[in-house]
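Colleague: Have a look at this fold, sequence not included:
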Ligand SMILES: NC(=O)CC[C@H](N)C(=O)O
């Protein structure tokens, strides 16, 4: 399983993501810079979190228009798995690879804390290592994580099982509609989520609840 991590000016979670992918798969991902138009032959492309282009004009809006996004779109259409975490999720939404939008947190404040997530769909390439309904811990750190979709889009996303993670037990940190924390595309090969599973993968992090996502998508689930 080969993976790539996208790097853009202002992203700052790329090294955490590289460390998580390396530790869990035993193989370091390749890194690709935003101007690349020819992506390496990988099975998984990850857009990590951060503050691409200082979050101007909207979070992810400028990054979504960089040359690399055309290449990522083509790979996604060809079935390659794409994961966007936090700013990566915002970029995927701005690029039209996922449905809905992320607005300013309802509190209008940056939130940096741990939340509980419910695995709403465990029948995906990203969540097979979990059980449906399982509650996991996960950190969040963002100011624009308030997921929104119009009624028609929301009905479709809910009806198709595209909601993969929900904030659980009253821990919704941002006002997201239906407590949505992560959604995938209809085909199931593109996932975006606001929480940071890469920051809870080993004892030194205080827990390893985020590990299941990487174990699922990197196909290294212990027998
Ligand atoms: N940790 C992140 O990726 C933050 C995403 C974005 N810059 C926000 O604050 O909403």
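Modeller: That came in fine, so what should we check first? Source: prediction; values computed, not measured.
Colleague: where exactly do the strands run in this protein?
Modeller: 3-7, 30-33, 44-47, 81-85, 101-103, 111-119, 135-142, 146-148, 163-167, 180-184, 190-193 (DSSP state E).
Colleague: and of those, who's closest to residue 125?
Modeller: The closest of the strands of the chain to residue 125 is strand 81-85. By CB to CB, the value is 6.1 Å. Backbone N, C-alpha and C define where each C-beta goes, glycine included.
Colleague: circling back: how about the strands of the chain, which one is nearest the ligand?
Modeller: strand 135-142 (3.4 Å; CB to the nearest ligand atom).
Colleague: So which bits of that closest one are buried?
Modeller: Using 16 or more other CB atoms under 10 Å as the test for burial, strand 135-142 gives 136, 137, 138, 139, 140, 141, 142.
Colleague: Quick check, pLDDT for residue 223.
Modeller: In this prediction, residue 223 carries a pLDDT score of 48.
Colleague: for residue 219, same thing?
Modeller: 87.
Colleague: circling back to that earlier point, next, format the strands of the chain as CSV and append distance to residue 220.
Modeller: Below are the strands of the chain laid out as CSV (distance: least, CB to CB, whole Å):
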stretch, distance to residue 220
strand 3-7, 11
strand 30-33, 18
strand 44-47, 12
strand 81-85, 14
strand 101-103, 30
strand 111-119, 18
strand 135-142, 18
strand 146-148, 29
strand 163-167, 19
strand 180-184, 20
strand 190-193, 17
